[in-house]
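**Student:** what's the 3D shape of this:
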Amino acid sequence: MKISGSIYSDKNRTLKETILDLEAHQVDLLHVDCNDDVRVFDDIAKIRTWCDMPIDLHIITETPEKYFDLLRKHPVEYVTFQYEQLSEKLEIPADITGEKGLALITPTPVTAFDEYSSFDFVLFMATIPGQSGGVFDPENFRKIRAFKKKYPSKNVHVDGGVNGEVSFILRNMGVHSSVSGSFLFKGASVGHALMDLTKRAIESRFMIKDFMIPIEECPTVDFGTMTFKQVLEAIDSGKQGFTLVEKNGDFEGIISNADVRKALIKNFEDIPGLHVKEMINSNPITIDAEANVDEMLLMVRKQSYPVMYMPVIDNNNKAKGIVTFINLIKGEI
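**Tutor:** Numbers count the residues shown, from 1 in each chain. The predicted structure is shown next:
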């Protein structure tokens with residue numbers, strides 16, 4: 001996941017000092033907030049003389065057309081317009097370069113992007129736009145899942161309340177870029193904050209149920225009636241590489257692509273005689289929906305093998321969802 005440093009969140013240094021520090025620490029993007037102020041482009045012109053880092057521009061305005069000539073004169077790599085401020089559908093001229101994005105605040109539904117499906121990405125505002133130091137609203141975890149399901153080829157960017165823990169969750173969800181402002185500059189150094197944003201987890205505030213894939217979105221099969229074909233169809237339709245198995249409403253186990261492969265190898269001489277129930281991993285690593293991120297990481301680190309899927313179970317042995325680590329692994333290599 002790319003880290004986009006919010007350049008105006010550093011209140012203690014000059015703009016040039018901030019930019020050069022972010023460049024020295026190899027931050028991926030420079031996030032520039034434009035709250036309907038064309039003077040921002042004077043800063044963009046200066047930045048271009050100091051470094052060649054990609055610029056991630058977020059414009060909040062009721063009159064986007066007044067920025068088009070400025071974007072032609074000072075092209076940026078990413079430009080995002082705030083949806084809620086638009087009085088009519090935004091049409092960005094084709095000669096304006098860079099990836100285009102639409103920013104949505106938490107109460108705005110994902111369907112708002114439907115009119116802008118030609119854009120390259122969505123930017124979820126997880127706190128109040130323009131306010132530094134806000135707290136991430138976990139409702140945005142659900143919106144990220146919904147958006148990625150509807151638009152799997154589009155990128156997701158996130159802005160607001162991103163600390164070390166939130167960054168870990170976002171990486172695990174396959175988010176492309178996250179904006180960091182006050183968290184990046186309030187610590188001992190930008191380098192120290194970047195370590196938290198890219199590698200570590202810090203004190204947990206969110207529970208597994210806040211960001212897991214809920215059971216309603218998980219592929220499942222019934223233990224009593226499942227067939228080999230149903231298992232393969234569930235794994236295929238779920239596009240996650242597994243299916244959960246339930247028995248009389250209780251969690252019975254999980255069947256992954258690896259479990260299918262192992263069962264086929266074991267019974268290769270008598271595949272027609274293979275019983276589908278032999279494929280079930282009835283004792284996988286599971287976690288409680290009320291557990292936090294630190295508890296989950298501690299559990300994963302204790303295992304002697306890579307954990308790809310972690311079913312989420314409640315105290316009554318009911319499946320509540322699942323946490324997968326595929327996106328995290330993709331993002332870390």
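
**Student:** so what's the residue lying closest to Asn12 once chain neighbours are set aside scoring on pLDDT?
**Tutor:** In space, and not counting its chain neighbours, Asn12 is closest to Phe185: 7.6 Å by C-beta to C-beta, 6 or more residues apart in numbering. No exception for glycine: its C-beta is placed from N, CA and C like everyone else's. pLDDT recorded at Phe185 is 70.

**Student:** For Ile60, give me phi and psi.
**Tutor:** Recorded main-chain torsions at Ile60 are phi -110, psi 110, according to degrees, to the nearest 10.

**Student:** need the contact list for it.
**Tutor:** Counting by C-beta atoms under 8 Å, 6 or more residues apart in numbering, Ile60 touches 33-36, 81-82, 85, 103, 129-130.

**Student:** next one: Val110
**Tutor:** Residues near Val110 by C-beta under 8 Å, 6+ apart: 104, 122, 143, 146-147, 150.

**Student:** Pull out the buried members of those residues.
**Tutor:** The neighbour count (16 or more other C-beta atoms under 10 Å) marks 104, 122, 143, 147 as buried among these.

**Student:** Tell me which residues are up against the helix or strand the third one falls within.
**Tutor:** Applying DSSP states H and E as the criterion places Lys143 in helix 139-150. Outside of helix 139-150, the residues that reach it under the criterion C-beta under 8 Å, 6+ apart are 104, 106, 110, 113, 122, 124, 126, 154, 156, 158, 169-170, 173-175, 210-211, 213, 217.

**Student:** Could you pull out the helices in this structure for me?
**Tutor:** Secondary structure of the chain (DSSP state H): helices at 15-24, 40-50, 68-73, 139-150, 164-172, 182-186, 190-198, 208-211, 228-238, 257-266, 293-302, 326-332.

**Student:** Packed most tightly, which of these would that be?
**Tutor:** helix 164-172 (a mean of 24; mean count of other C-beta atoms under 10 Å).

**Student:** what packs against it?
**Tutor:** Contact here means 3 or more C-beta pairs under 8 Å, 6 or more residues apart in numbering; DSSP states H and E; on that basis helix 164-172 packs against strand 177-180, helix 190-198, helix 208-211, helix 293-302, helix 326-332.

**Student:** Please save the CA atoms from stretch 86-99 in PDB.
**Tutor:** C-alpha atoms of stretch 86-99 as PDB (Å, rounded to 0.1, in the frame of the first residue of the first chain):
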ATOM      1  CA  LEU A  86     -20.600  19.100  -6.700                       C
ATOM      2  CA  SER A  87     -23.800  20.700  -7.900                       C
ATOM      3  CA  GLU A  88     -23.900  18.700 -11.100                       C
ATOM      4  CA  LYS A  89     -22.200  15.800 -12.700                       C
ATOM      5  CA  LEU A  90     -18.400  16.400 -13.000                       C
ATOM      6  CA  GLU A  91     -17.000  16.100 -16.500                       C
ATOM      7  CA  ILE A  92     -13.200  16.300 -16.500                       C
ATOM      8  CA  PRO A  93     -11.800  17.300 -20.000                       C
ATOM      9  CA  ALA A  94      -9.900  14.400 -21.700                       C
ATOM     10  CA  ASP A  95      -6.700  16.500 -22.100                       C
ATOM     11  CA  ILE A  96      -6.200  16.700 -18.300                       C
ATOM     12  CA  THR A  97      -3.700  14.000 -17.500                       C
ATOM     13  CA  GLY A  98      -3.300  11.900 -14.300                       C
ATOM     14  CA  GLU A  99      -5.500   9.400 -12.600                       C
END
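
**Student:** where does the residue nearest to Arg48 when sequence neighbours are not counted land on pLDDT?
**Tutor:** Nearest residue to Arg48 in three dimensions, chain neighbours excluded: His74, at 7.5 Å (C-beta to C-beta, 6+ apart). With respect to pLDDT, His74 scores 97.
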